[in-house]
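Q: Structure for this input, please:
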Amino acid sequence: MRRDHVRCYDEETLLAQRARIVDVIQSGVKPLVRITTASGKVLRCTVDHAVFTPEGWCKAGELAVGDAVMVADTGPGPSEAPVPPGLRRGIGVWTAMQRERLIKEVDTCHLCGRDFPRDQLALDHVVPVARDLVQALDERNLAPACEPCHVTRSGGEQALARRAGKVAKTVPDRVVDIVDDGEEMTYDLSVEGPWHNFLANGIVVHNSYNEESGRYRELQPVFYVPDESRKLVQEGRPGKYRFVEGTAAQQELVGRVMQDSYRQAYEAYQEMLAAGVAREVARSTLPVGLYSSMYATCNARSLMHFLGLRTQHELAKVPSYPQREIEMVGEKMEAEWARLMPLTHAAFNANGRVAP
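A: Below is the predicted model:
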């Protein structure tokens with residue numbers, strides 16, 4: 001599925017686009033809800049999955065009957081007539097002149113996702129000419145397309161204008177029913193930007209950034225206790241301090257007190273749940289040392305920026321002073337990234353660990 005495409009929507013214009021699937025992530029067994037709209041669309045999703053509404057993004061578990069969600073539909077487009085042949089020819093000539101400069105010797109069709117040599121590719125207008133003439137001569141609106149995709153897309157663009165400018169867009173649809181729908185294994189899609197959303201059973205939802213939520217499930221007693229490698233003592237004035245190793249007595253104190261505190265807090269949490277107190281209320285007694293799990297996606301540049309801020313390294317041009325716990329997370333992420341993309345990782349270090 002990672003080379004397939006899904007329908008997504010521009011969150012500003014509400015017009016339909018296509019986005020490539022970047023990853024499919026198994027998210028574990030989670031409680032589900034079934035949402036039904038006035039037009040008959042039905043979505044089964046986790047309670048913490050983000051759903052697009054007229055007011056922006058909202059968790060599915062926070063929706064109520066009467067709220068509106070954004071669904072697939074069609075509406076009038078900006079053009080009600082085909083582009084005049086003379087103007088289309090002029091745009092075509094200008095577009096062809098950019099071909100050698102903008103298409104690599106081997107490049108990827110932005111519509112089907114397959115690679116082709118340059119002589120089998122043309123430049124395609126991502127936002128069709130019939131939809132927005134202003135972008136017709138903007139090279140940022142051009143992307144490589146293989147010949148079959150380009151022919152199909154061009155014919156469809158003229159057909160779009162001929163049918164009175166009807167375009168695929170997203171519109172509000174009222175929620176008429178929300179019910180719990182059991183628990184089962186769930187999966188998330190991560191799609192390429194810039195909008196990071198996709199259409200699920202006719203309803204617009206967000207791609208994966210999923211953190212375990214104590215509002216919808218019982219949290220497990222997995223807590224952080226620093227080991228001997230964690231420096232415990234801060235020396236120096238604010239802004240110029242450093243951490244040094246603690247004594248054996250300090251290490252013993254930290255471990256014992258944290259474990260006692262965690263045990264007491266979790267027992268209080270369990271007591272409230274057993275008494276029927278809502279999870280979202282009972283979780284307030286849990287400390288920040290509770291581990292949280294999440295699924296998130298990023299590209300290499302975003303990861304470089306994160307590592308530049310959240311890790312210390314002798315090759316860094318710009319020094320960083322992260323808290324040790326987030327640095328530990330960064331180190332594990334960097335080790336996996338270096339394994340998957342060794343050349344990019346080496347270039348990052350050679351560039352002083354500054355993201356391009």
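Q: rest of the way, CA atoms for contacts and neighbours
A: Fine.
Q: Checking residue 111 next. Helix, strand or coil?
A: For residue 111, the assignment made with DSSP: H, G, I helix; E, B strand; the rest coil gives coil.
Q: thinking it is in contact with residue 149, fair?
A: Yes. The criterion here is C-alpha atoms under 8 Å, and residue 111 meets it with residue 149 at 6.7 Å.
Q: if you count what's nearby, which of the two comes out ahead?
A: residue 111 (20 against 16; other C-alpha atoms under 10 Å).
Q: who's in contact with the more buried one?
A: By C-alpha atoms under 8 Å, 6 or more residues apart in numbering, residue 111 lies in contact with 18, 145, 149.
Q: Skip the chain neighbours and tell me the closest residue to the second one.
A: It stands for residue 145. In this structure, residue 145 finds its nearest non-sequential neighbour in residue 109, 4.3 Å apart by C-alpha to C-alpha, 6 or more residues apart in numbering.
Q: ok, that neighbour to residue 73 distance?
A: 27 Å (C-alpha to C-alpha, to the nearest Å).
Q: With neighbour numbers in mind, choose between the two.
A: Neighbours per residue (other C-alpha under 10 Å) separate residue 109 from residue 73, with residue 109 holding more: 22 against 16.
Q: Report pLDDT for the residue nearest to residue 313 when sequence neighbours are not counted.
A: Excluding its sequence neighbours, the residue lying closest to residue 313 (C-alpha to C-alpha, 6+ apart) is residue 319, at 7.9 Å. Per-residue pLDDT puts residue 319 at 83.
Q: Helix, strand, or coil at residue 319?
A: Per three-state DSSP, residue 319 ends up coil.
Q: ok, it touching residue 310?
A: No. Between residue 319 and residue 310 there is no contact under C-alpha under 8 Å: 10.0 Å.
Q: what does the helix or strand hosting residue 234 rub up against?
A: Take DSSP states H and E as the rule and residue 234 turns out to sit in strand 233-235. Residues from elsewhere that reach strand 233-235, judged by C-alpha under 8 Å, 6+ apart: 241-246.
Q: got it, and stretch 93-109?
A: Defining contact as C-alpha under 8 Å, 6+ apart, one finds that stretch 93-109 is touched by 114-118, 121-123, 137, 139, 143-146.
Q: Repeat the analysis, applying 7 Å as the threshold.
A: With contact meaning C-alpha atoms under 7 Å, 6 or more residues apart in numbering, stretch 93-109 is reached by 114-118, 122-123, 144-146.
Q: Any figure for the gap between the residue nearest to residue 145 and residue 6?
A: Applying C-alpha to C-alpha to residue 109 and residue 6 gives a distance of 15 Å.
Q: what do you get for residue 199?
A: Taken as C-alpha to C-alpha, the span from residue 199 to residue 6 is 7 Å.
Q: who's more crowded, those two?
A: residue 199 (19 against 16).
Q: pLDDT wise, what is that one at?
A: Note for residue 199: predicted pLDDT of 90.
Q: what bridges to it?
A: residue 204 (DSSP bridges).
Q: re the thing from before, among the contacts of strand 233-235, which are in strands?
A: 242-244 (DSSP state E).
Q: Just name the lowest-scoring one in those residues, pLDDT-wise.
A: Lowest pLDDT within those is found at residue 242 (84).
Q: rewinding a little: how far away is the residue nearest to residue 145 from residue 126?
A: Applying C-alpha to C-alpha to residue 109 and residue 126 gives a distance of 11 Å.
Q: Please apply the same query to residue 118.
A: 18 Å.
Q: swap in residue 61?
A: Taken as C-alpha to C-alpha, the span from residue 61 to residue 126 is 35 Å.
Q: repeat for residue 214
A: Residue 214 is 41 Å from residue 126, by C-alpha to C-alpha.
Q: same question, residue 231
A: For residue 231, the distance to residue 126 - C-alpha to C-alpha - is 53 Å.
Q: Good, we can wrap up now.
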